[in-house]
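Chemist: can you look at this prediction? I've put the sequence above it.
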Amino acid sequence: MVTGRGSDASGDDAWGGTLVEPALARPDFTLTDTDGRPYDFGAETAGRLTLLFFGYTHCPDVCPVHMATLSAALDTPGMPDPTVVFVTTDPTRDDPARLREWLDQFDASFVGLTGTAEQIAAAEDAARVGRSAPIPTEDGADAGDGTDYQVGHAAQIVAYTPDDQAHLVYPFGVRRQDWVNDLPRLLDQWDEPA
Amino acid sequence: MTWWCAASNEPWDWSPRAYPGIWLFMVLLLVGYLWVCRERPDRRKRWFFLGGWALLWASTDWPLGTLGSGYLASAHMAQYLLYTMAAAPLLMLSLPEAPLRRGLSRLRAYRLVRLAARPLVAGVIFNIVLLVTHAPVTVDTMRTNQAGSFLLDLAWLASGLLLWLPVCGPLDELKPSYPARCVYLFLAAGLVPMVPGGFLTFAPTPLYSVYELAPRVGGFDALDDQQAAGVIMKVGNLPLLWPVLGGLFLRWAAEDRAATPPVQVKTADKT
């Protein structure tokens, strides 16, 4: 359950993200990375600070801003080096090459994952974020090649700490300074594997 | 219907957007000016007005107004500069003296204007408006709604007019001496704005959420954009300010020369 922004359990300084109680377990799902290899999320990221986000490269607002804000924060000296995993919610348009190219704009180390619509829906369920769905553009215009649509998707980045739990999520609107404040604290507070 | 430019979170594109509120405001301003000047039209003042009016419109409407209200801090700062350093002095130069005196007398506002036109008062008010309207909390609150955005633009215009009132206003008795005007302009419009400009330039993270979380324009990073805004605030006014200061100085020199009696040169009688 999301409990809202504010102080942590001990009542100390406020977090930039939103506390989740009870914490979410690190999910297990396997998708395909941008090199075409299977990527077992649970195994690959176990015990590591991991930021998981579901979005798509044609997203006009939330995804590029979220990714740009996060990557700028990670460039700040002294920041930890989390694994950032971006799962496309638009596998039709986001082929591995496009996904890689788009992520490289922000950070070449960001992991891009894709799969079938069913696999992605299963990953969303496992991560306990809302399921994504295509939505027609506002004016209803169709480019004729089936590409003129947007995708409704969860707008939060889920932060898994080394104890393999997600204690906080970061909805759209989180700022660079929030990340800079929170990322080191996430590691300090939940640094022990479960 | 979007009446005035405000942050919308829509992705930026170069398709023109319509803001009927801005058009109405500009038409009312034009009609009002022509009506006030109907008795004794002054060609030169009309040109000043037209220049100021056009600059005001260009900095308020799409695309600069749209970019400045919801996408780029640098565009916001360019808007501010155009309002206060270009449109305001031209509009101030365009004001006709006689109707202004009549209007102030009718509104019993002359004493208030005389007080506000004192360089110390005008300079302090101008810089308070600058600081308040560029504080992150103000920008993030006001720019996200049309009424707030309108008020912000209005505050800029009013503070710009106030800044220039003692320099080039139509009421000569409110203008201090030329050297005093030079010092006033240098401090109020040149030196003080460098302080908040420096904060923007050297801040390690974006200060305005409205610009940080806006859809990006041409891949321009939010911090780079803010640094550009800081530089614009620090030095963007110099191309206008220094020529004006130079002009005031030259007038002072000319006035001084005219006031000094010519030196009588006596030739010694040869014996």
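Modeler: Thanks, I have the structure now.
Chemist: chain A contacts on chain B?
Modeler: Within reach of chain A by Cβ under 8 Å from any Cβ of the partner chain, chain B has these residues: B:9-11, B:204-206, B:209, B:212-216, B:219, B:221-223. The C-beta positions use only the backbone N, C-alpha and C, and glycine is treated the same way.
Chemist: next step: these restricted to helices.
Modeler: The helices, defined by DSSP state H, take in B:Ser209, B:Glu212, B:Ala222, B:Leu223 from those.
Chemist: which pair in those spans the largest distance?
Modeler: Comparing every pair within these by Cβ to Cβ identifies B:Ser209 and B:Leu223 as the most remote, at 13.1 Å.
Chemist: neighbour count: those two, which is higher?
Modeler: Set B:Ser209 next to B:Leu223 and count neighbours by other Cβ atoms under 10 Å in any protein chain shown: B:Ser209 wins out with 21 against 18.
Chemist: excluding its backbone neighbours, what's nearest that one?
Modeler: Spatial nearest neighbour of B:Ser209, excluding adjacent residues (Cβ to Cβ, 6 or more residues apart in numbering or on different chains): B:Asp140 at 5.1 Å.
Chemist: for the residue of the stretch 1-150 of chain B found nearest chain A, give its distance to A:Arg98.
Modeler: Going by Cβ to the nearest Cβ, chain A is nearest to B:Pro11 of the stretch 1-150 of chain B, at 3.8 Å. Distance, B:Pro11 to A:Arg98, using Cβ to Cβ, to the nearest Å: 18 Å.
Chemist: ok, now A:Arg176?
Modeler: 26 Å.
Chemist: tell me which of those two has more neighbours.
Modeler: The residue with more neighbours, out of A:Arg176 and A:Arg98, is A:Arg176; 25 against 17, by other Cβ under 10 Å.
Chemist: check the gap between the more buried one and B:Pro136 for me.
Modeler: Going from A:Arg176 to B:Pro136 by Cβ to Cβ gives 13 Å.
Chemist: and for B:Thr205?
Modeler: B:Thr205 is 11 Å from B:Pro136, where distance means Cβ to Cβ.
Chemist: of the two, which one has the most company?
Modeler: A side-by-side neighbour count of B:Thr205 and B:Pro136, using other Cβ under 10 Å, places B:Thr205 first with 18 against 15.
Chemist: name the element the most centrally placed residue in chain A belongs to?
Modeler: With distances taken as Cα atoms, centre = their mean, A:Phe53 lies nearest the centre of chain A, 1.4 Å away. In this assignment (DSSP states H and E), A:Phe53 forms part of strand A:50-55.
Chemist: now that strand: mean pLDDT?
Modeler: For strand A:50-55, mean pLDDT rounds to 98.
Chemist: what do you get for stretch B:123-136?
Modeler: Mean pLDDT, stretch B:123-136: 97.
Chemist: list of residues touching that stretch?
Modeler: Stretch B:123-136 is contacted by residues B:80, B:84, B:116, B:138-139, B:142, B:152, B:155-156, B:158-160, B:162-163, B:184, B:187-189, B:192-193, B:196, B:200, B:207-209, B:233 when judged by Cβ atoms under 8 Å, 6 or more residues apart in numbering or on different chains.
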